[in-house]
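[1] test case, fold it:
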Amino acid sequence: MTRLFVTLAIVLLVPVVAGAQERIPADQGFERHLFPPELVMQHQRQLSLTEQQRTALTEAITKLQADVVQLQWQLHDAGARLSELLEPPTVDPQAALQQVDRILEIERSVKKAHLALLIRIKNTLTVEQQAMLAELKQEQRMRGPAR
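    Below you'll find the predicted structure:
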């Protein structure tokens, strides 16, 4: 029973960071102003990306991936530590909550890094390219999720 509780706690408190693609929650409202890297890559020819833009975007994505891998290691370690803290019959609430704070701090860092990437992508694109991507995003939204 304790093992089930620990597993459930980890699943609820330590979501797996899916590579470098950790998403900012869509209900924040500001995502409509930003462009995910896969959308830019998918439409790079239509956008007529310059070699300089392609290089800048590749470097930004590569940096995010490296940063997120480090954060994933930290997140895994923090989750294991929380599991250890929750295992005894009596849990030290202060220690457990401090560990949860550490986990939330790491998750915040992942989201902040991803938002920084999205900002860098937007700032690398021209106004015309941004308008084209906004249109493409709207078309995708109207078509609904890919099946």
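[2] what about the nearest residue to A96 once chain neighbours are set aside, distance to L71?
    Nearest residue to A96 in three dimensions, chain neighbours excluded: L85, at 4.8 Å (CB to CB, 6 or more residues apart in numbering). Quick note: C-beta positions are derived from backbone N, CA and C, even for glycine. Going from L85 to L71 by CB to CB, to the nearest Å gives 20 Å.
[3] likewise T58?
    Distance of T58 to L71, computed by CB to CB: 20 Å.
[4] same check on K63?
    In terms of CB to CB, K63 sits 13 Å off from L71.
[5] list the buried ones in the lengthiest helix in the chain?
    Counting by DSSP state H, the longest helix found in the chain is helix 51-86. Neighbour counts over helix 51-86 (16 or more other CB atoms under 10 Å) mark 53, 56-57, 60-61, 64, 67-68, 71-72, 75, 78-79, 82-83, 85-86 as buried.
[6] helices or strands up against that helix?
    helix 2-13, helix 37-42, helix 93-124 (3 or more CB pairs under 8 Å, 6 or more residues apart in numbering; DSSP states H and E).
[7] the residue nearest to A96: what's it in contact with?
    The contact partners of L85, taken as CB atoms under 8 Å, 6 or more residues apart in numbering, are 91-92, 95-96, 99.
[8] just the closest of those to L133, please.
    The closest of the contacts of L85 to L133 turns out to be Q99 (CB to CB; 40.2 Å).
[9] excluding chain neighbours, what is closest to Q74?
    With sequence-adjacent residues excluded and distances taken as CB to CB, 6+ apart, Q74 is closest to I106, at 5.2 Å.
[10] for R54, same thing?
    Excluding the flanking residues, the one nearest R54 by CB to CB, 6+ apart is Q44, at 7.0 Å.
[11] state the distance from the one you found to L64.
    Computed with CB to CB, the distance linking Q44 and L64 is 18 Å.
[12] in the protein, where is pLDDT below threshold?
    1-28, 145-147 (pLDDT under 70).
[13] that older thread, let's have the contacts of L85 in a markdown table, adding neighbour count and distance to Q138.
    Formatted as a markdown table, those follow (neighbours: other CB atoms under 10 Å; distance: CB to CB, whole Å):
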| residue | neighbour count | distance to Q138 |
| --- | --- | --- |
| V91 | 13 | 49 |
| D92 | 12 | 51 |
| A95 | 14 | 48 |
| A96 | 17 | 45 |
| Q99 | 20 | 42 |
